[in-house]
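S.K.: Fold the following for me, if possible:
(one chain, ligands or ions: 1)
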Amino acid sequence: MGFVVAIDGPAASGKGTLARRLAEAYGFAHLDTGLLYRAVARILIDKNRPLEDEQAAEAAAAALNLAYVEESRLRGAEMGRAASIVSAYPAVRRALVDFQRRFAEQEPGAVLDGRDIGTVICPDAQVKLFVTASTEERARRRHRELALRGEDIGYEAVLEDLRARDARDSGRATAPLKQAEGAHVLDTSALDIEEALAHARRIVDAARTGA
Ligand code: DC
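M.R.: Below is the predicted model:
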């Protein structure tokens, strides 16, 4: 079992970039677990199945492999919304647990980011981070990111969308987004990525040296 860094937080909190940079810094594998739920949603949409079809979503999750998890087709706002819907189904979440746990076992270590990594998937992770930022700052970041992709839906629409997503991700019965026990809270509202990374590295370094 390698060293596990579990990162959770709301949409557009900066957790994805932080996870990727941390993994690079330590030579660890990285899994953006949101992509798994986005891939499940994508399969339903490609098959013309409604997102409400829980059984089809479970079947898609059970058959998922990394070949479906091709980022460019999964990144958009529509897929994020759709992922937030299918990720509320307990059977979908269950079907993805083993895959994520196996990923976390890699040597020398792994960084997983999502909503339930420190609470459900890797509760024994050596480091747990809860990355957050104000709703307005997250909306500004997401708006900029979408505009760069040519998907400028306007700041207000992004803000509304984030609020709806937060409510759904935090309010669902199974594995809702919440701070794990023992998690370090990293509020990135006033931090750029280098500052957030430096902060996270201090936490990881301390845990690795047993400080
Ligand atoms: O992190 P993201 O925006 O790619 O996630 C998309 C949706 O997937 C998010 O709204 C909730 C869901 N998700 C989840 O339920 N559990 C995870 N570990 C990761 C994502």
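
S.K.: Contact partners for the residue most central in space within the chain?
M.R.: The centroid of the chain falls nearest to Gly114 when counting by CA atoms, centre = their mean (2.6 Å). Neighbouring residues of Gly114 by CB atoms under 8 Å, 6 or more residues apart in numbering: Ile7, Asp8, Asp32, Thr33, Gly34, Ile121. For every residue, glycine as well, the C-beta is placed using N, CA and C.

S.K.: Just those residues: which are in helices?
M.R.: Of the contacts of Gly114, the ones assigned to helices by DSSP state H are Gly34.

S.K.: out of the contacts of Gly114, who has the most neighbours?
M.R.: Neighbour counts for the contacts of Gly114 peak at Ile7, which has 29 neighbours (criterion: other CB atoms under 10 Å).

S.K.: Dump the C-alpha coordinates for stretch 71-85 into PDB.
M.R.: Presented in PDB, the C-alpha positions along stretch 71-85 are these (Å, rounded to 0.1, in the frame of the first residue of the first chain):
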ATOM      1  CA  GLU A  71     -11.000  13.800 -20.700                       C
ATOM      2  CA  SER A  72     -11.800  16.100 -23.600                       C
ATOM      3  CA  ARG A  73     -15.300  14.700 -24.100                       C
ATOM      4  CA  LEU A  74     -16.100  14.800 -20.400                       C
ATOM      5  CA  ARG A  75     -15.000  18.300 -19.200                       C
ATOM      6  CA  GLY A  76     -18.000  20.500 -20.300                       C
ATOM      7  CA  ALA A  77     -20.600  22.100 -18.000                       C
ATOM      8  CA  GLU A  78     -23.400  19.800 -19.300                       C
ATOM      9  CA  MET A  79     -21.500  16.700 -18.400                       C
ATOM     10  CA  GLY A  80     -20.700  18.100 -14.900                       C
ATOM     11  CA  ARG A  81     -24.400  18.600 -14.300                       C
ATOM     12  CA  ALA A  82     -25.300  15.200 -15.700                       C
ATOM     13  CA  ALA A  83     -22.500  13.600 -13.500                       C
ATOM     14  CA  SER A  84     -24.000  15.300 -10.500                       C
ATOM     15  CA  ILE A  85     -27.300  13.500 -11.200                       C
END
